[in-house]
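A.B. asks: Sequence plus the predicted model coming up.
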Amino acid sequence: MPRLNLYQEEFHPSPWQQTWLAFKASHIALAGLMVLASISLLALLAPVIAPHSPLLQNPDVLLLPPVWDPSGSLTYLLGTDALGRDIFSRLLYAARTTLITSVIVVVVAMLIGVTIGAIAGMLRGVSSSVVNHLLDSLMAIPTLLIAIVIVAIMGSGLVNSMWAITLALIPQFVHYTRNYVGEEMKKDYIRASQLDGSTKRQLFFYSILPNMLEMLVVQGTLALSIAVLDISALGFLNLGAHPPSVELGALLASSIDIAYLAPWNVMLPGLCIFFLVLSINIVGDGLRSAIRKRVKN
């Protein structure tokens, strides 16, 4: 027998639950999240799902068309390249490399950028003005251009390209964190904490950072799409991943020469990059709209 409750309890969702409810109300944002989750799951499970090794060459099936073509084969679902390598397996491993490196780049850039931005947001006087003007100058330069310059200095390669894109993304996180911390430092609850004797470190970790997490999630999502594009662009320019590493941009570049003979070799990596970046941007925009609705309500 259920217990009889004489008092009607009201349900008050947390800020994260309110954001998720507002996000879920957008069908486009939810569809973008499903596409992103599907691509991420396939990429992470590439060693299990891939039917062939991405480096295995079969000279008997050079430039085999995809399975929907009359000349295709179920053994190679998306066909083969000029060396007889399975395109489906290479796409899975390439998406895995691009996605994992992009996430690492964004996390490292976020940690460094938030640290510098928090310090800059709490500064006052000449030092604050110098930092602000320097960051504004760096924000005016495209991240890909900064990454290309850094790679030209450090040398090509996947690790160097990751460091280059990390350094290019740091100013964005510094900029947003500095503005957010600067605005929060003017509010009454921060001044009350200062009167209680809280240090700047305590103010940031216990008062400002919990309120800043949603902003960081949104900015991190948008930075992830930039990282995917930049890593793919550097790979396409032969400044990123080198063989035997498999990466989406490098995969696209290696197929340019046979674009007229086997267009699926160029179309499939391009579509993979397109849907990956599109889904990330849709999720980022959905999160931003959901947070804006929660704040207004």
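C.D. replies: Happy to help now that I have it.
A.B. asks: where's the residue nearest to the spatial centre of the chain relative to residue 276, distance?
C.D. replies: Residue closest to the mean C-alpha point of the chain, counted by CA atoms, centre = their mean, is residue 224 at 1.6 Å. Computed with CB to CB, to the nearest Å, the distance linking residue 224 and residue 276 is 9 Å. C-beta coordinates here come from the backbone N, C-alpha and C atoms, glycine included.
A.B. asks: go on, residue 239?
C.D. replies: Residue 239 is 20 Å from residue 276, by CB to CB.
A.B. asks: before we move on, what about residue 179?
C.D. replies: Looking at residue 179 against residue 276, where the rule is CB to CB, the gap reads 29 Å.
A.B. asks: Likewise for residue 51?
C.D. replies: From residue 51 to residue 276 the distance is 21 Å (CB to CB).
A.B. asks: Could you do residue 195 as well?
C.D. replies: As judged by CB to CB, residue 195 and residue 276 stand 49 Å apart.
A.B. asks: Who has more neighbours out of these two?
C.D. replies: A count of neighbours by other CB atoms under 10 Å puts residue 276 above the other of residue 195 and residue 276, at 25 against 8.
A.B. asks: who touches that one in this structure?
C.D. replies: Applying CB atoms under 8 Å, 6 or more residues apart in numbering to residue 276 gives the contacts 36, 39, 95, 98, 99, 228, 248.
A.B. asks: quick one: pLDDT of it?
C.D. replies: At residue 276, the model reports a pLDDT of 93.
A.B. asks: Could you do residue 226 as well?
C.D. replies: Reading off the model, residue 226 has pLDDT 91.
A.B. asks: returning to that earlier point: need the contacts of residue 276 in CSV with distance to residue 84 and neighbour count, can you?
C.D. replies: CSV is the format used below for the contacts of residue 276 (distance: CB to CB, whole Å; neighbours: other CB atoms under 10 Å):
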residue, distance to residue 84, neighbour count
36, 32, 21
39, 26, 18
95, 21, 26
98, 23, 29
99, 26, 23
228, 28, 25
248, 20, 29
